[in-house]
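Engineer: Okay, here's the prediction I keep looking at, along with the sequence it came from:
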Amino acid sequence: MRFGRAALLPSLFSILPHPLTTTALPTTNQQHPLISNDSPAPTNYTITADIFASLSTLARIVDISYCVGLTGITAPFSCLSHCSSFPTFALITTFNTGPLLSDSCGYIAYDHSPSDPRIIIAFRGTYGIANTIVDLSTIPQEYVPYIGENVTDPSPTTPQACTNCTVHSGFLKSWRNTRSTVTPQIDIALKMHPEYRLELVGHSLGGAVALLAGLEFHARGWSPRITTFGEPKVGNLAFTQHIDDIFSSSGAVRENSDYRRVTHVDDPVPLLPPTEWGYRPHAGEVYITKSGLPPEIEDVRWCDGDDDVRCSAGSDRSLMTKDMVEAEQEMSASGLIPARYKIWQLFFAHRDYFWRLGICMREWEWKGWDSRDAGVTFVEVDEL
């Protein structure tokens, strides 16, 4: 089914719990990063061809999760999305908590690749991400690292303290509603194949759930590698520092990092919930600088630290005058998402990570898909 922009925008506004009464702000076609006079000298942060290929592949892997709850994924590994591109995959299970339990959804599969065997958990996003963020934004919850539930648990690694850490209660609820299904399956899979690497991937809300799952799995001694696309901010500054300490995401050897947080130049979700509400991004960011699909390797770069102004953090207040900042502060205090975040991009840029994510259909049926292997030329379209 295809929807025009005119049909999509009213439906987007209807999911937000507050009326979108905003101060008129100038708009631009692209969120340009803000470069200050104090910014460090430009450095070459271009990713390698291997990292580019890995991220592109993981984007397809997480895109498959959108078939769960729609047309489905069947054993051994079949669906209407990219499943045929992964002949070494074998489905373990799918999971779907449903919208009443915070809409956490995805699948677990083996990748029996001889060169890189792994156990994959893919967490799907939700089209109600704006509703999730705004509804529960004022209810941060204390975050306590996993330390084991009972004496029969395997001995976890000694967890690092997370003093004064708080997280978005909606994201934490999503993980807690999922963990009883996912964790036992991973435990069994790792016991059957202890030599397999554990790979977590998530998009949107699924990125936030992948983060929380990854922290627990790390505490269990399972050494996960996590890649997220369009991940929202999950917690406060103390929580951000905890993530960076666990995964060493701010280290110099980026290629070996166990956490990669992929963001997009026009995607508002990595900027949400707003900084004014006490949320902070964490390190490990990989930034796509090109608005349209598909990106080339020169369009993707590593970022420094938690809030590199040459990456998504630079879009947070770019091109804003003092009066505009004050107007948005008033909006934020009223519980509204400030207009600078371009919420309409939830249907467009938020889904444009190497591919147009969130559409469970055969690749050749989607006009916006580009496959160099199949020789299909990318066509820019105005409809979804």
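Structural biologist: Noted; the coordinates are in hand.

Engineer: quick one: low-confidence parts of the chain?
Structural biologist: 1-44, 99-102, 127-138, 149-159, 249-254, 316-347, 362-384 (pLDDT under 70).

Engineer: report the longest helix in it, please.
Structural biologist: Assignment by DSSP state H gives helix 169-192 as the longest helix of the chain.

Engineer: And it, what's buried?
Structural biologist: For helix 169-192, burial by neighbour count (16 or more other C-beta atoms under 10 Å) applies to 169-175, 177-179, 181-183, 186, 189-190. Using the backbone N, CA and C atoms, a C-beta is placed for each residue, glycine as well.

Engineer: Relative to residue 105, which of those residues is nearest.
Structural biologist: residue 178 (8.6 Å; C-beta to C-beta).

Engineer: hang on, the closest one packs against residue 94?
Structural biologist: No: taking contacts as C-beta atoms under 8 Å, residue 178 lies outside contact range of residue 94: 11.7 Å.

Engineer: Show me where the stretch 51-200 of the chain has its strands.
Structural biologist: Counting by DSSP state E, counting those that start in this stretch, the stretch 51-200 of the chain has strands at residues 89-96, 105-111, 118-123, 140-142, 166-168, 197-203.

Engineer: In space, what's closest to residue 296 - neighbours in sequence excluded?
Structural biologist: Distances taken as C-beta to C-beta, 6 or more residues apart in numbering place residue 290 nearest to residue 296, at 7.4 Å, with adjacent residues excluded.

Engineer: wait, what's in contact with that neighbour?
Structural biologist: Residue 290 sits next to 265, 296, 299 when contact means C-beta atoms under 8 Å, 6 or more residues apart in numbering.

Engineer: OK, contacts around the last one?
Structural biologist: For residue 299, the contacting residues are 288, 289, 290, taking C-beta under 8 Å, 6+ apart as the criterion.

Engineer: distance of it from residue 281?
Structural biologist: Residue 299 is 20 Å from residue 281, where distance means C-beta to C-beta, to the nearest Å.

Engineer: And the first one, by the same measure?
Structural biologist: Using C-beta to C-beta, one gets 15 Å for the distance from residue 265 to residue 281.

Engineer: Neighbour count: the two, which is higher?
Structural biologist: residue 281 (26 against 21; other C-beta atoms under 10 Å).

Engineer: on that earlier part again, out of the contacts of residue 299, which are inside strands?
Structural biologist: Using DSSP state E, the subset of the contacts of residue 299 located in strands is residue 288.

Engineer: so which of the contacts of residue 299 comes closest to residue 353?
Structural biologist: Nearest to residue 353 out of those is residue 288 (C-beta to C-beta; 7.1 Å).

Engineer: What degree of burial does the closest one show, as a neighbour count?
Structural biologist: Counted by other C-beta under 10 Å, the residues lying close to residue 288 total 24.

Engineer: just to revisit the earlier point, tell me the helices and strands packed up against the longest helix of the chain.
Structural biologist: Counting contacts by 3 or more C-beta pairs under 8 Å, 6 or more residues apart in numbering; DSSP states H and E, helix 169-192 packs against strand 89-96, strand 105-111, strand 118-123, helix 129-135, strand 140-142, helix 205-219.

Engineer: Just send these back as CSV, with distance to residue 348 and mean neighbour count too.
Structural biologist: Listed next are these as CSV, based on distance: least, C-beta to C-beta, whole Å; neighbours: other C-beta atoms under 10 Å:
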stretch, distance to residue 348, mean neighbour count
strand 89-96, 25, 18
strand 105-111, 21, 24
strand 118-123, 21, 25
helix 129-135, 13, 22
strand 140-142, 29, 16
helix 205-219, 17, 26
